[in-house]
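**Q** model the following, please.
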Amino acid sequence: MELLPAIEMESPNGAAVNASIIWLHGLGADGSDFAPLVPQLSLPDSFGIRFIFPNAPSIPVSINNGFVMPAWYDIKEMNIDRHVDEEQLQQSAARVHALIDREIERGVDSRRIIVAGFSQGGAVSFEAGLTYPKPLAGIMALSTYFATAASIKVNPIQNSMPILICHGSMDPVVSEALGQKSVATLKNLGFTPQYNSYPMEHSLCPQQVVDIAKWIGRTFS
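**A** As a prediction, this is how the structure comes out:
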């Protein structure tokens, strides 16, 4: 499988890489969307993190009148449960699996790999992280929803995986109710996700950046 093109960032001090975070952007964005956040996280060089920000392919998106844009899958209807193209979403998850495989080949233990995503990217991160066949460090799902909750086949090896879910209480794009629904679904599957809500719209806020950094620190400590 051809690897997705991606922006990669490592410690400017040349620390040895022993952890990876694969971070997926949202609809219409690209890998550069979250790269500027890395310095703001102020994570210690000793963590040895390689950040990978893949670019989604450009495809027609039904809710945007078929306009071609970067997207992990097609969204067909803007209803509360978001009618999505699950096959495309699963294909994107498989491409994330290929990036995880590559990190393992580069010497990173699977238990030191986090899959993260915002909005559409978060929906893919749920599918990719929960179905991967080797234990992962965790999933970070931001302003998103569990699009494949009804069809996912969770790999039991991930049963103790840490999961961070963050959402804005004023999100007009992905209602906070969908973030809360993801939490309930994961609890029913036996997980204990951490849920953080912020007074923001479909975005990130300073306190969230602090909380993300703390969660990454706990996950990699």
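**Q** could you list the buried residues of stretch 153-163?
**A** V154, N155, Q158, M161, P162, I163 (16 or more other CB atoms under 10 Å). Heads up, the C-betas are built off the backbone N, CA and C, glycines and all.
**Q** and stretch 133-140, by the same measure?
**A** Here stretch 133-140 shows L136, A137, G138, I139, M140 as buried, counting by 16+ other CB under 10 Å.
**Q** now, which of the buried residues of stretch 153-163 lie within strands?
**A** If you go by DSSP state E, these have I163 in strands.
**Q** quick one: F51 is in a strand?
**A** Yes. Checked against DSSP: H, G, I helix; E, B strand; the rest coil, F51 lies within a strand.
**Q** from S175, how far off is it?
**A** Here F51 is placed at a distance of 29 Å from S175 (CB to CB, to the nearest Å).
**Q** who has more neighbours, the two?
**A** Counted by other CB atoms under 10 Å, F51 and S175 do not tie: F51 has more neighbours, with 23 against 16.
**Q** residue contacts, the more buried one?
**A** Contacts were defined as CB atoms under 8 Å, 6 or more residues apart in numbering; by that measure F51 touches E8, M9, E10, S20, I21, W23, A35, V38.
**Q** switch to 6 Å and redo it
**A** By CB atoms under 6 Å, 6 or more residues apart in numbering, the contact list for F51 reads M9, I21, V38.
**Q** please apply the same query to H202.
**A** With CB under 6 Å, 6+ apart, H202 has these contacts: S143, D171, V173.
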